[in-house]
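Engineer: Give me a 3D structure for the following:
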Amino acid sequence: MHPGPRNLITDVPGILVGNAQDAVLKSGTTVLTANKPFTASVHVMGGAPGTRETDLLAPDKSAAKIDALVLSGGSAFGLDACSGVMDGLHDAGRGFPVGPVRVPLVPGAILFDLLNGGDKGWAKNPYRALGRVAFEAAGPDFALGTEGAGTGATTAMLKGGLGSASLVLENGATVGALVAANPLGAVTTPGERHFWAAPFEIGDEFGAIGPDGAAGLGRNLQSRKIAAIQKLGGASLPPERANTTIAIVATDAALSKAQCQRIAIAAHDGIGRAIVPAHTPGDGDLVFAASSGSRQLDTPEQELAQIGHAASLCLTRAIARAIYHARPEPGDLLPCWRPR
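Structural biologist: The predicted structure is shown next:
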């Protein structure tokens, strides 16, 4: 397995991604779409998810395909980004046909970035407009770090961000991951030099510093994030509820909804490898899985396992890349891994 030419989820043929963000708001939205409807499912392992239209992604539900997936900041306000994406799809004549009407199907998930130093005193919810802009920007190339849904993201010790990575399998299938990393846990070992994801790094995609040589890691749960949020929101605010890592994994392999769900489940291993601790009661950790369906599988059982494994590897690397590419902005609460 090796990374695709962009090392982005858009190495998966047919997949497009767009970002929109507001530097003053310190928040944004990321949209994944395609030129035609695609199969998708979802799996949630965090205890505090924020979602829209995810029930229809269950294998037993009637909607066979969807038109886009949305990752957004803004907590519950950010779910309105899906409405902006629906507007764009509707204007493009896209959507599930119901007689003479077309209804775009746009599931989404959000992360909490309401207490990150940005100006949240809006007169009108900004996320519908951000969703529309992100949809209009969708293409094969997009930026990482302080972009889209990762604009206002934070981790336990460092600024979070938007990340992506890809792998091309020996059978020719492509797998990719897209993530907005805003966890309660840390993405680096104590000292903030080494990424937990380091053993899975390919080349120098997030600095090539290598793994931490120390033993007994994982017991230090220090968090600058908790202190910063409590300073802004008051000591009574439960900071363990102000988190979440939301992600999408995608492949060109032709998968059913049930198979996509299995890929989403497997991909969660990538969160556990890159973030310590992960899947806490206060994280809304969620992974969507999407199939563009252009490549048929010769040996579905064997290849499905390979795709799930590749998805977890891509998500591990994407999380580290999100933090690696984050850039400092005025008013940030936390430092970046690499100041600029």
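Engineer: to the chain's geometric centre, what's the distance from the helix or strand of the chain with the lowest mean pLDDT?
Structural biologist: Taking mean pLDDT, DSSP states H and E as the measure, helix 224-233 is the helix or strand of the chain with the lowest mean score, a mean of 79. A distance of 23 Å separates the centroid of the chain from that of helix 224-233, by CA atoms, centre = their mean, to the nearest Å.
Engineer: moving C-terminal of that helix, what's the next helix or strand?
Structural biologist: Using DSSP states H and E, the helix or strand that follows helix 224-233 in sequence is strand 244-253.
Engineer: Parallel or antiparallel, list what pairs with that following strand.
Structural biologist: Strand 244-253 pairs in its sheet with strand 174-182 (antiparallel), strand 286-295 (parallel), by DSSP bridges.
Engineer: Export those as TSV, with columns for mean pLDDT, mean neighbour count and distance to L89.
Structural biologist: Any C-beta I mention is one placed from the backbone N, CA and C, and that applies to glycine too. TSV is the format used below for the strands paired with strand 244-253 (pLDDT from 0 to 100; neighbours: other CB atoms under 10 Å; distance: least, CB to CB, whole Å):
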stretch	mean pLDDT	mean neighbour count	distance to L89
strand 174-182	97	32	19
strand 286-295	93	25	16
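Engineer: Out of those, which gets nearest to G213?
Structural biologist: Checking the strands paired with strand 244-253 against G213 by CB to CB gives strand 174-182 as the closest, at 24.3 Å.
Engineer: Identify whichever of the strands paired with strand 244-253 lies nearest to S166.
Structural biologist: strand 174-182 (4.0 Å).
Engineer: Only the C-alpha atoms, please, for the closest one, written as PDB.
Structural biologist: Output in PDB follows, covering the C-alpha atoms of strand 174-182 (Å, rounded to 0.1, in the frame of the first residue of the first chain):
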ATOM      1  CA  THR A 174      -8.100   3.500  -3.200                       C
ATOM      2  CA  VAL A 175      -9.000   4.400   0.300                       C
ATOM      3  CA  GLY A 176      -8.900   7.800   2.000                       C
ATOM      4  CA  ALA A 177      -9.700   9.600   5.200                       C
ATOM      5  CA  LEU A 178     -10.900  13.100   6.000                       C
ATOM      6  CA  VAL A 179     -11.100  14.300   9.700                       C
ATOM      7  CA  ALA A 180     -11.800  17.400  11.800                       C
ATOM      8  CA  ALA A 181      -9.800  16.600  14.900                       C
ATOM      9  CA  ASN A 182     -11.100  18.400  18.100                       C
END
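Engineer: Find the nearest non-adjacent residue to A186, please.
Structural biologist: Closest residue to A186 apart from its sequence neighbours, by CB to CB, 6 or more residues apart in numbering: A156 at 4.0 Å.
Engineer: Could you do T280 as well?
Structural biologist: Closest residue to T280 apart from its sequence neighbours, by CB to CB, 6+ apart: L184 at 5.2 Å.
Engineer: sorry, back to before: my read: the residue nearest to A186 touches A227, true?
Structural biologist: No - A156 is beyond contact range of A227, at 10.3 Å (criterion: CB atoms under 8 Å).
Engineer: Of the two, which one has the most company?
Structural biologist: Between A156 and A227, counted using other CB atoms under 10 Å, the more crowded position is A156 (24 against 12).
Engineer: name the element the more buried one belongs to?
Structural biologist: Using DSSP H and E, no element contains A156; it sits outside every helix and strand.
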